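Undergrad: The following comprises the amino acid sequence and a computationally predicted model.
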Number of protein chains: 2
Amino acid sequence: MIGIFDSGYGGLTVLKALASKLPQYKYLYLGDSARAPYGGHDKETILTYSRQAVDFLFGRGVRLIIMACNTVSAVALRQLQEDYLRQPQITDKKILGVIFPLAEKAVKISKNGNFGIVGTRATINSEAYNHELKKLRPGSKIYAQACPLLVPFIEEGWEQKPEAKMILRKYLRPLKSCHIDTLILGCTHYPLMQKQFRQVMNKQVAIPDTGLVVASSLENYLKRHPEIEKILTQNLQGKIHFMTTGDVDKFKNLGSRFFGKPITEVEKVQMG
Amino acid sequence: MIGIFDSGYGGLTVLKALASKLPQYKYLYLGDSARAPYGGHDKETILTYSRQAVDFLFGRGVRLIIMACNTVSAVALRQLQEDYLRQPQITDKKILGVIFPLAEKAVKISKNGNFGIVGTRATINSEAYNHELKKLRPGSKIYAQACPLLVPFIEEGWEQKPEAKMILRKYLRPLKSCHIDTLILGCTHYPLMQKQFRQVMNKQVAIPDTGLVVASSLENYLKRHPEIEKILTQNLQGKIHFMTTGDVDKFKNLGSRFFGKPITEVEKVQMG
């Protein structure tokens, strides 16, 4: 099984693309909605919660975890990979993030090497994207902007309201004068405002589709690692199982907007 | 000592009034910033976190806890009072909230018995204010409005921006046609937008000052309970000690805005 972890709902935009592009696998989605959003939490807290999520998903028989949350990928992924690779009994398990695939894609499509990044404060402060982009393309110029109010707006379902666009304009103003040709949406909530990002940014700026990028990257990863692919296909059920630490009805209602389809069955779980 | 608990920063607006009106006591402020905001969490989660906070504060020698958070007062206070009153060894300790004092004050000043209440979704859904108001004044008409985006705006320091006022107007529109004469700010963040609330609501609507109301209520409570007052004054230091589960620097920066004065020393603590 492939485990998808997110602090709440954003990862459902990634799961949506995975389920559509790679329907042959079974997915277990875990949203820590009871403690979301993570974007304002400090590093230590995010690390503790993410570790609990990894333990939980491995305990449920997951072999491959995708941290479908930029905040977790930015702040905790490297540490988690180090911690779990040290344990010899779980070498057949993997933890992947969303930042490397997005940075790789951005480097592929950018012509001038000027990148814009938007995300939560924790993601932006971590400089995780800067790090990856500069490794992949030395000399990259990176313009980062934290947009902390977008997540609350999107979770309220207010992303179409004029105030949301006014705020987006405020956030993006500094990026518009930087000659960036690629903008990375460094938060899995933001695809719900993809249209507004397009409208506010200059036409020639490319904005990669996070879900598609992560799905393609996973597909390539599994081609390069047939030993993992083999384990995943031993249990071919093509089913998606949703779990939340928070309110089940809220998860169904809010989650369906992110997933793009009704979510009807959700398991309430406890972790930590 | 008097313990003040809040999910994060809002309770500092209450502490500010307490420290000014009742400077003779020692205060211990605990903000669970690592897991804030609580407003979107479900009841069970809020109850678990609040219980941890109560244990923590009692463990630190606190005798009287004020739950200076409407969400906690609305969702968890009654249960906490029941749980802790059952334990005979802690009958010399008390837990108070902010909802009863505010409801009592509102009933005192209202002429027509039509009340407006604004707060987080958890507070509004709990109907805790409705319950208290109807008990204090049967036949009260209550118009409640959840304003979930105000907390993120205030925590961003964006409460003066035009978008904040536009959103506030949207939220208050339904309340403006209800002939309410008293509006309860049922969230300890909202005093930072007291001016904007005044501007948007009709002039004749009274908006009690939460901090002052809670401070007066505590003063009266201690007059009626000299046995508690006596314990508190055994350790007269007139000092305030700040604690957070989250980032200390963030607490200093953000907290100072709520407290109205610079916060220079903060202890990082773990609970739960």
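TA: Here it is on my side, so go on. Residues are numbered from 1 along each chain as shown, chains lettered A, B, ... in the order given.
Undergrad: Give me the buried positions along the helix or strand containing A:L168.
TA: A:L168 is part of helix A:162-176 when elements are defined by DSSP states H and E. Neighbour counts over helix A:162-176 (16 or more other Cβ atoms under 10 Å in any protein chain shown) mark A:E163, A:A164, A:K165, A:I167, A:L168, A:K170, A:Y171, A:L172, A:L175 as buried. Heads up, the C-betas are built off the backbone N, CA and C, glycines and all.
Undergrad: try stretch A:150-162
TA: In stretch A:150-162, counting by 16+ other Cβ under 10 Å, buried: A:L150, A:V151, A:P152, A:F153, A:I154, A:E155, A:E156, A:W158, A:E159.
Undergrad: How about stretch A:132-139?
TA: Buried residues in stretch A:132-139, counted by 16+ other Cβ under 10 Å: A:E132, A:L133, A:K134, A:R137.
Undergrad: quick one, phi/psi of the nearest residue to the third one once chain neighbours are set aside?
TA: Setting aside the residues directly before and after it, A:K134 is nearest to A:S140 in space (Cβ to Cβ, 6 or more residues apart in numbering or on different chains), at 5.4 Å. The phi and psi values for A:S140, taken as degrees, to the nearest 10, are phi -60, psi 140.
Undergrad: Kindly provide the distance from A:S140 to A:K223.
TA: 27 Å (Cβ to Cβ, to the nearest Å).
Undergrad: So between those two, which is more surrounded?
TA: Shown here are A:S140 and A:K223; by other Cβ atoms under 10 Å in any protein chain shown, A:S140 has more neighbours (21 against 9).
Undergrad: Which residues are in contact with that one?
TA: By Cβ atoms under 8 Å, 6 or more residues apart in numbering or on different chains, the contact set of A:S140 is A:V107, A:G113, A:N114, A:F115, A:L133, A:K134.
Undergrad: What is the nearest of those residues to chain B?
TA: Using Cβ to the nearest Cβ, A:F115 comes nearest to chain B of the contacts of A:S140, at 24.6 Å.
Undergrad: Just give me how far stretch A:26-33 sits from the chain centre.
TA: Taking the mean of its C-alpha atoms, stretch A:26-33 sits 12 Å from the chain's own mean (Cα atoms, centre = their mean, to the nearest Å).
Undergrad: Give me the contact list for that stretch.
TA: By Cβ under 8 Å, 6+ apart, stretch A:26-33 touches A:1-9, A:11-12, A:15, A:18-19, A:38, A:49, A:53, A:56-57, A:60, A:62, A:232, A:235-247, A:250-251, A:255, A:269, A:271.
Undergrad: Can you say which helix or strand has the closest residue to A:K165 other than its chain neighbours in it?
TA: In space, and not counting its chain neighbours, A:K165 is closest to A:Q196: 5.5 Å by Cβ to Cβ, 6+ apart. Taking DSSP H and E as the criterion, A:Q196 maps to helix A:194-200.
Undergrad: Quick one: mean pLDDT over that helix.
TA: For helix A:194-200, the mean pLDDT works out to 96.
Undergrad: could you measure the spatially closest residue to A:G119 that is not a sequence neighbour against chain B, distance?
TA: Leaving out its chain neighbours, the residue that sits closest to A:G119 by Cβ to Cβ, 6+ apart is A:G186, at 3.3 Å. From A:G186 over to chain B the distance is 18 Å, taken as Cβ to the nearest Cβ, to the nearest Å.
Undergrad: Contacts only, for the closest residue to A:R121 other than its chain neighbours.
TA: Distances taken as Cβ to Cβ, 6+ apart place A:A146 nearest to A:R121, at 4.4 Å, with adjacent residues excluded. Residues in contact with A:A146, defined by Cβ under 8 Å, 6+ apart, are A:V118, A:G119, A:T120, A:R121, A:T123, A:I124, A:N125.
Undergrad: What residues does the residue nearest to A:K165 make contact with?
TA: A:E159, A:A164, A:K165, A:L168.
Undergrad: again, only this time at 10 Å
TA: Contact analysis of A:Q196 by Cβ atoms under 10 Å, 6 or more residues apart in numbering or on different chains lists A:L150, A:E159, A:Q160, A:A164, A:K165, A:I167, A:L168, A:R169, A:L172, A:Y190.
Undergrad: Check A:A206 too.
TA: Going by Cβ under 10 Å, 6+ apart, A:A206 touches A:K105, A:A106, A:I109, A:S110, A:K111, A:I180, A:D181, A:T182, A:L183, A:I184.
Undergrad: Give the buried residues for the helix or strand bottoming out on mean pLDDT in chain A.
TA: None of the helices or strands of chain A scores lower by mean pLDDT, DSSP states H and E than helix A:226-233, at a mean of 84. Buried residues in helix A:226-233, counted by 16+ other Cβ under 10 Å: A:I228, A:E229, A:L232.
Undergrad: After it, heading C-terminal, what element do we hit next?
TA: For helix A:226-233, the following helix or strand on the C-terminal side (DSSP H and E) is strand A:240-244.
Undergrad: Next, A:T71: phi, psi?
TA: Phi and psi for A:T71, reported as degrees, to the nearest 10, are phi -60, psi -50.
Undergrad: From what I see, it and A:S126 are in contact.
TA: Yes - with contacts counted by Cβ atoms under 10 Å, A:T71 reaches A:S126, the gap being 8.2 Å.
Undergrad: Which neighbours do the two have in common?
TA: The contact lists of A:T71 and A:S126 share A:I46, A:G119, A:T120, A:G186, where a contact means Cβ under 10 Å, 6+ apart.
Undergrad: closest to B:Q24 among these?
TA: Distance to B:Q24, by Cβ to Cβ, is smallest for A:I46 among the shared contacts of A:T71 and A:S126, at 40.7 Å.
Undergrad: Let me know how buried the closest one is, in neighbour terms.
TA: Close neighbours of A:I46, defined as other Cβ under 10 Å, add up to 23.
Undergrad: which secondary structure elements does the least confident helix or strand of chain A contact?
TA: Counting contacts by 3 or more Cβ pairs under 10 Å, 6 or more residues apart in numbering or on different chains; DSSP states H and E, helix A:226-233 is packed against strand A:64-67, helix A:210-224.
Undergrad: Figure out which of the ones you listed is closest to chain B.
TA: Chain B lies closest, by Cβ to the nearest Cβ, to one member of those: strand A:64-67, at 19.5 Å.
Undergrad: could I get that closest one in PDB with only the CA atoms?
TA: What follows is strand A:64-67 as a C-alpha-only set of coordinates in PDB (Å, rounded to 0.1, in the frame of the first residue of the first chain):
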ATOM      1  CA  LEU A  64       5.800   3.700   0.700                       C
ATOM      2  CA  ILE A  65       4.800   7.000   2.300                       C
ATOM      3  CA  ILE A  66       4.400  10.200   0.400                       C
ATOM      4  CA  MET A  67       4.500  13.300   2.600                       C
END
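Undergrad: Pull up the per-residue confidence for A:R86.
TA: pLDDT for A:R86: 76.
Undergrad: what stretches of chain A score poorly on pLDDT?
TA: Low-confidence segments of chain A, defined by pLDDT under 70, span residues A:88-91, A:235-238.
Undergrad: and the longest helix along it, anywhere near chain B?
TA: Counting residues, the longest helix found in chain A (DSSP state H) is helix A:43-59. Yes - residues of helix A:43-59 contacting chain B under Cβ under 10 Å from any Cβ of the partner chain: A:K43, A:E44, A:T45, A:I46, A:T48, A:Y49.
Undergrad: between that helix and strand A:240-244, how many degrees?
TA: Angle, helix A:43-59 to strand A:240-244, by axes from the mean of the first three to the mean of the last three Cα atoms, to 10 degrees: 140 degrees.
Undergrad: Looks to me like A:I184 is in a strand.
TA: Yes - using DSSP: H, G, I helix; E, B strand; the rest coil, the assignment for A:I184 is a strand.
Undergrad: Could you tell me which residues of the stretch 51-200 of chain A lie near chain B?
TA: So far as Cβ under 10 Å from any Cβ goes, the stretch 51-200 of chain A lies against chain B at A:121, A:146, A:148-153, A:155-156, A:158, A:161-164, A:166-167, A:170.
Undergrad: If anything else comes up later, I'll come back, but that's it for now.
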